[in-house]
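Asks: no sequence on this one, just coordinates:
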């Protein structure tokens, strides 16, 4: 399971010109689910996302988590994080999980974040979305539950 995290001052998801989700200060999390992923991968990434210290303290050091700052999360499904670009120029998505199971795991990930007391907004799984964000920093971090 992979997550691309961006620290944002705001982010939103639009579908067909309508805003379906919006957050202020917090994290935009693009989540990619692969065929080999299990409940342990969900637990690992939920813990990392919830506790990752990427928000600055008064000395401008990254010492605070999204929980510490009472920030928000916007979680967007992103199967293209599973892209394999080793051969040729067209990415292969063979390792991406099938949609039904991927959606179930995506929802479990979100539910566990909410259980941790986080405010979570979401995109619409499997839908063409336009994601707008203001990356604060910029800070962008890639997490991989297998590494």
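Replies: In hand now; what should we look at? Everything numeric in this text was worked out from a predicted model, so none of it was measured.

Asks: show me what contacts residue 21?
Replies: 12, 13, 74, 121, 122, 123 (C-beta atoms under 8 Å, 6 or more residues apart in numbering). The way it works is simple: take the backbone N, C-alpha and C, and place the C-beta from them, glycine included.

Asks: got it, and residue 134?
Replies: 8, 9, 10, 11.

Asks: farthest pair within the residues you listed?
Replies: 9 and 11 (8.5 Å; C-beta to C-beta).

Asks: neighbour-wise, which of the two wins?
Replies: For residue 9 and residue 11, the more surrounded residue by other C-beta atoms under 10 Å is residue 11, and the numbers stand at 25 against 13.

Asks: buried set for whichever strand or helix holds the more buried one?
Replies: According to DSSP states H and E, residue 11 maps onto strand 2-15. Residues of strand 2-15 classed as buried by neighbour count (16 or more other C-beta atoms under 10 Å): 2, 3, 4, 5, 6, 7, 8, 10, 11, 12, 13.

Asks: tell me which residues touch the nearest residue to the third one once chain neighbours are set aside, please.
Replies: Distances taken as C-beta to C-beta, 6 or more residues apart in numbering put residue 30 closest to residue 4, at 4.3 Å, once the chain neighbours are dropped. Residue 30 makes contact with 3, 4, 5, 76, 77, 78, 81, according to C-beta under 8 Å, 6+ apart.

Asks: cool, and residue 130?
Replies: Residue 130 neighbours (C-beta under 8 Å, 6+ apart): 13, 14, 15.
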